[in-house]
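In: Next input, structure requested:
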Amino acid sequence: MSDAKYFQRGIHIYSHYFFFFFFTNFFFFFFFFFFHVGKIQELRAELTSEKRDQKHQRKKTVMKKIVANMTMGNDMSPLFPDILNVMQVPVLEIKKMVYLYIINYARTKPDMAVMAISMFIKVKGTKAND
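Out: Okay, here's the model as predicted:
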């Protein structure tokens, strides 16, 4: 077989690898992006829901999900403004998770961390329930 045939065959094989690599990565990115965005929107909706929840059990559950996602390495920083609103809840366990969230993302979102300072001042006067 001549060198030209080897060259053409090599291009043909590598073109298959290229298409396989391109499409698998494209679909991975597509599904990861849309499922991740959907997950954040779902958590945001649960955080901002105004349903009857006197003991704040629903918000506690959502904060546990967010902290679990943070520990798995998922980016939960788009929820920063919603988490700041949760800081006003008078349940100590929720406040601890909110503070953990703020400490984790204060380095990457310093402008949002400045907003958290004013929320700390507002929350300072409230009493936490155990």
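
In: any idea which helix or strand comes after the worst-scoring helix or strand of the chain on mean pLDDT?
Out: Within the chain, no helix or strand scores below helix 3-48, which has a mean of 60 by mean pLDDT, DSSP states H and E. For helix 3-48, the succeeding helix or strand toward the C-terminus, using DSSP states H and E, is helix 57-71.

In: And the contacts of that next one?
Out: If you take Cβ atoms under 8 Å, 6 or more residues apart in numbering as the criterion, helix 57-71 is touched by 39, 43, 46-47, 49, 51, 53, 76, 79, 83, 86, 89, 91, 93-94, 97-98, 100-101, 104. For every residue, glycine as well, the C-beta is placed using N, CA and C.

In: Surely Asn74 is in a strand?
Out: No. Looking at Asn74 with DSSP: H, G, I helix; E, B strand; the rest coil, it is coil, so not inside a strand.

In: Counting neighbours, what do you get for it?
Out: The tally of other residues near Asn74 (other Cβ atoms under 10 Å) stands at 13.

In: same deal with the one 10 residues further on?
Out: Applying other Cβ under 10 Å, we find 21 residues neighbouring Leu84.

In: what's the answer for the one 3 residues further on, then?
Out: Residues near Met87, counting by other Cβ under 10 Å, number 18.

In: Tell me which residues of stretch 99-119 come out buried.
Out: Residues 101-102, 105, 109, 112-113, 116, 119 are the ones in stretch 99-119 that count as buried (16 or more other Cβ atoms under 10 Å).

In: Redo those residues as CSV? Include distance to Lys60.
Out: Shown next, in CSV, are the buried residues of stretch 99-119 (distance: Cβ to Cβ, whole Å):
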residue, distance to Lys60
Tyr101, 13
Ile102, 17
Tyr105, 20
Lys109, 23
Met112, 22
Ala113, 23
Ala116, 20
Met119, 18
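
In: In helices, which of the residues you listed fall?
Out: Those of the buried residues of stretch 99-119 mapping onto helices are 101-102, 105, 112-113, 116, 119, per DSSP state H.
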